[in-house]
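Colleague: can't give you the sequence, but here's the structure:
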């Protein structure tokens, strides 16, 4: 089953208007679209129930994603558009599979590859997610920033 969860589009983009076409192409019994903002409680339920999260951001999406971070925190495999920070994060930490943005055929192939992954692959992804969570732990990052600021202060004190 595939769930498309959350409000899509934006001010300049339409929402999920292709649902009828998807339903007619054989997905009717396996596609569920929840096209609205979901509460944190609902989001936690969806994350708990899923095997992976797909992040099919449009070409040009340069930043990271709260959904990416939440999937990593929960140890979920990630299927994402291969661009900028998203692609680099998934690739460098081996968190899942990538596909070119805007390429529906590549996304389909990615989903087919994902469906054939063995349990050992999912175990490895969970371990990689845990490693990334350790590397980017807020306390660790805070200590690094504190060290940098203290170093700057020491250099400034030496100059005076």
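Modeller: Now that the structure is in, tell me what you want to look at. Everything numeric here is computed off the predicted structure, so don't read it as measured data. Numbers count the residues shown, from 1 in each chain.

Colleague: so residue 80 is in which element?
Modeller: In this structure, residue 80 sits in strand 77-81 according to DSSP states H and E.

Colleague: Paired strands for that strand, with orientation please.
Modeller: Using DSSP bridges, strand 77-81 pairs in its sheet with strand 52-55 (parallel), strand 96-99 (parallel).

Colleague: how far does stretch 91-98 stretch from start to finish?
Modeller: 8 Å (Cα to Cα, to the nearest Å).

Colleague: oh sorry, the question was meant for stretch 91-101
Modeller: End-to-end distance of stretch 91-101 (Cα to Cα): 15 Å.

Colleague: I'd like the distance from the spatially most central residue of the chain to residue 153, if you could.
Modeller: Centroid check for the chain by Cα atoms, centre = their mean gives residue 68 as the closest residue, at 2.7 Å. Here residue 68 is placed at a distance of 34 Å from residue 153 (Cβ to Cβ, to the nearest Å). The way it works is simple: take the backbone N, C-alpha and C, and place the C-beta from them, glycine included.

Colleague: again with residue 109
Modeller: 53 Å.

Colleague: neighbour-wise, which of these two wins?
Modeller: Comparing residue 109 with residue 153 by neighbour count (other Cβ atoms under 10 Å), the higher total belongs to residue 109, at 13 against 10.

Colleague: host element of the more buried one?
Modeller: Using DSSP H and E, residue 109 falls in helix 104-115.
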